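In: Below are the sequence and a predicted model for it; my questions follow.
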Protein chains: 2
Amino acid sequence: MRVERPLLVREAVYDRLKSAIVEGELAPGARMLEVELAGKLGVSRTPVREALVRLAQEGLAELLPGRGARVRVLSPAEVSEVYEVRAALEAEAARLAAQRASEGELEELARLEAALHRIPKTDLAEQTRADTRFHAALVAASGNRELERLFHQLDAKLALARRYSSDENQSPKTLAEHRAILEAILAGDPDRAAAAARAHIERFKALVARRLKEAS
Amino acid sequence: MRVERPLLVREAVYDRLKSAIVEGELAPGARMLEVELAGKLGVSRTPVREALVRLAQEGLAELLPGRGARVRVLSPAEVSEVYEVRAALEAEAARLAAQRASEGELEELARLEAALHRIPKTDLAEQTRADTRFHAALVAASGNRELERLFHQLDAKLALARRYSSDENQSPKTLAEHRAILEAILAGDPDRAAAAARAHIERFKALVARRLKEAS
DNA sequence: GGGCTGTATACTGCATACAGAATGCGCGTC
DNA sequence: GACGCGCATTCTGTATGCAGTATACAGCCC
């Protein structure tokens, strides 16, 4: 028999703020006033501060000493660096998945890949969600929790630049690359899986870098 | 003209606690009582709590809801996972360093590698410090700050298991591997540099895994 | 003696208080 | 009209207060 444990307020605040940042509800650069957030969420400043400290440690917020917190602003160079690390991590995840993924994980991955083809070309938000699910499943299939943790950290950070990539999630090239990654993993070919994953992310890196350059 | 800004208390507390954990002054599993730490450091509980939140987010501390904080205990499986990710990251760092490191960075790396050979076989602490400096310089030479950040995060975590690896930092094999990494980078050979770095870390992974197994 | 129960104590989680720094604005000066 | 200065206001950073839960221990029952 179990009773519902009241979640910690600081956890709830953290979750809420993190999703607000990742979903773009709070734009990069936006100030996050402690009293304001505390008021909106119906809590005191204490748990808000603790959530902000976590977000800063994670790289989603910036704490300017004496001058408050704001949503992290990533420079184009920083975005490229994050993509670069993500490429290496995801290549490793694909390599490990090709070596060790369980039957269930492989089925799930195949299912999610197939789902990518059935999303309306117009529904950008759903495309992003489906893409996220596929990549998350890929990394989970690596069986390495630390790798998974770092991946999600990078993924959240890249959400800060998502508007430069979201329309590419459904392109024929992207779909073909997803399939290539999946097939290499199903075939149990670690090197090919790693190369395919790396190439996929590197292409996004270049794409987003180009768009950020144009935007400036 | 610059004046000394008083550091934030929470930063000082964070630095102090982090080094206490990394240096082994606070052993894995040790309880960290807020009032006790606050008393020792001469501050209130507030900055201590904020430091603990950061350490937990970083994976160096565990916050048990309602039951306080303790120094993170890594299971043998977790240690292996961290090594596995570190191998991938450091391989990537070596690859990038071989491609892009500046003259100054290469000189520094060569200098630190040479220094590894001149440390008394008995001074384990200095061996560990010199090894840390070499690897840090390698990762810095990648030119990727995000990669560097994640590397240091993993390195701090592995400090929790350092006693299983520190005596290997000076072995002939280790020295030969360091030299192989350096030479590949100096030769501008990304693939060879990556492979050498990966092999080096993977060997430590296996070594530490074996010792953890024996210890249990 | 072992185990349960009640109570005292310790510690956390959140709220609030307070001091000091940063920001913005109006006024005066040139 | 532009600039600088000073004050009011806002907000952060740290300390402290308070309620509630976890832990430990003593006493009691069997």
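Out: Great, that's in hand.

In: ok, which stretches of chain A are strands?
Out: Taking DSSP state E as the criterion, chain A carries its strands at A:31-32, A:61-64, A:68-71.

In: Quick check: residues of chain A near DNA strand C?
Out: A:8-10, A:38, A:43-47, A:50, A:66-67 (C-beta under 7 Å from any atom of the strand). All C-beta spots, glycine's among them, are computed from the backbone N, C-alpha and C.

In: ok, of the residues you listed, which come out buried?
Out: For the residues of chain A next to DNA strand C, a burial check counting by 16 or more other C-beta atoms under 10 Å in any protein chain shown picks out A:9-10, A:38, A:43, A:46-47, A:50.

In: hang on, the earlier thing: now, which of the residues of chain A next to DNA strand C lie close to DNA strand D?
Out: A:45-46, A:66-67.

In: between those residues, which is nearest DNA strand D?
Out: A:Gly66 (4.9 Å; C-beta to the nearest atom of the strand).

In: about what we covered before: tell me which of the strands of chain A lies nearest to DNA strand D.
Out: Comparing these by C-beta to the nearest atom of the strand, strand A:68-71 comes nearest, at 3.3 Å.

In: got the buried residues for that closest one?
Out: A:69-71.

In: And the residues you listed, which is closest to DNA strand C?
Out: A:Arg70 (11.1 Å).

In: which residues sit in contact with the closest one?
Out: By C-beta atoms under 8 Å, 6 or more residues apart in numbering or on different chains, the residues touching A:Arg70 are A:29-32, A:61-62, A:64.

In: And these, which two are furthest apart?
Out: By the measure C-beta to C-beta, A:Ala30 and A:Leu64 form the most distant pair in the contacts of A:Arg70, at 13.2 Å.

In: neighbour count winner among those two?
Out: Between A:Ala30 and A:Leu64, counting by other C-beta atoms under 10 Å in any protein chain shown, A:Ala30 is the more crowded of the two (14 against 10).

In: and that one, what are its phi and psi?
Out: phi -60, psi 140 (degrees, to the nearest 10).

In: any idea how far A:Glu81 is from it?
Out: Counting by C-beta to C-beta, to the nearest Å, the gap from A:Ala30 to A:Glu81 is 23 Å.

In: okay, now the domains of chain A?
Out: A:9-71, A:76-215 (automatic domain parsing).

In: for the last one, the distance to its chain's centre please.
Out: So the one you mean is domain A:76-215. Its chain's C-alpha centre lies 9 Å from the corresponding centre of domain A:76-215 when counted by C-alpha atoms, centre = their mean, to the nearest Å.

In: Please see if it touches chain B.
Out: Yes: using C-beta under 8 Å from any C-beta of the partner chain, domain A:76-215 reaches chain B at A:78, A:81-82, A:84-85, A:88-89, A:91-92, A:96, A:144-147, A:149-150, A:154.

In: Buried ones among these?
Out: The neighbour-count test (16+ other C-beta under 10 Å) marks A:78, A:81-82, A:84-85, A:88-89, A:91-92, A:96, A:144, A:146-147, A:150, A:154 as buried among these.

In: isn't A:Arg192 right next to A:Ala184, touching?
Out: Yes: the criterion here is C-beta atoms under 8 Å, and A:Arg192 meets it with A:Ala184 at 4.0 Å.

In: got the residues of chain A near DNA strand D?
Out: Residues of chain A lying near DNA strand D (C-beta under 7 Å from any atom of the strand): A:32-36, A:45-46, A:49, A:63, A:65-69.

In: how close does A:Ser19 get to A:Arg10?
Out: For A:Ser19, the distance to A:Arg10 - C-beta to C-beta - is 15 Å.

In: The buried ones among the residues of domain A:76-215 next to chain B in helices, which ones?
Out: Among these, the members found in helices (DSSP state H) are A:78, A:81-82, A:84-85, A:88-89, A:91-92, A:96, A:146-147, A:150, A:154.

In: For those, work out which two are farthest apart.
Out: A:Glu78 and A:Leu96 (26.9 Å).

In: where does chain A have low pLDDT?
Out: By pLDDT under 70, the weakly predicted segments of chain A are A:1-2.

In: Give the full set of residues in contact with A:Glu108.
Out: Per C-beta under 8 Å, 6+ apart, neighbours of A:Glu108: A:137, A:141.

In: residue ranges of the helices in chain A, please?
Out: Counting by DSSP H, the helices of chain A are A:9-22, A:34-41, A:45-58, A:76-100, A:103-116, A:124-140, A:145-159, A:172-186, A:190-215.

In: closest to B:Ser102 out of those?
Out: Closest of those to B:Ser102 is helix A:76-100, at 16.2 Å (criterion: C-beta to C-beta).

In: tilt between that closest one and helix B:145-159?
Out: 50 degrees (axes from the mean of the first three to the mean of the last three C-alpha atoms, to 10 degrees).

In: re the thing from before, could I get the buried ones among the residues of chain A next to DNA strand C as CSV with distance to A:Asn169?
Out: Below are those laid out as CSV (distance: C-beta to C-beta, whole Å):
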residue, distance to A:Asn169
A:Val9, 35
A:Arg10, 33
A:Ala38, 36
A:Val43, 36
A:Thr46, 39
A:Pro47, 35
A:Glu50, 34
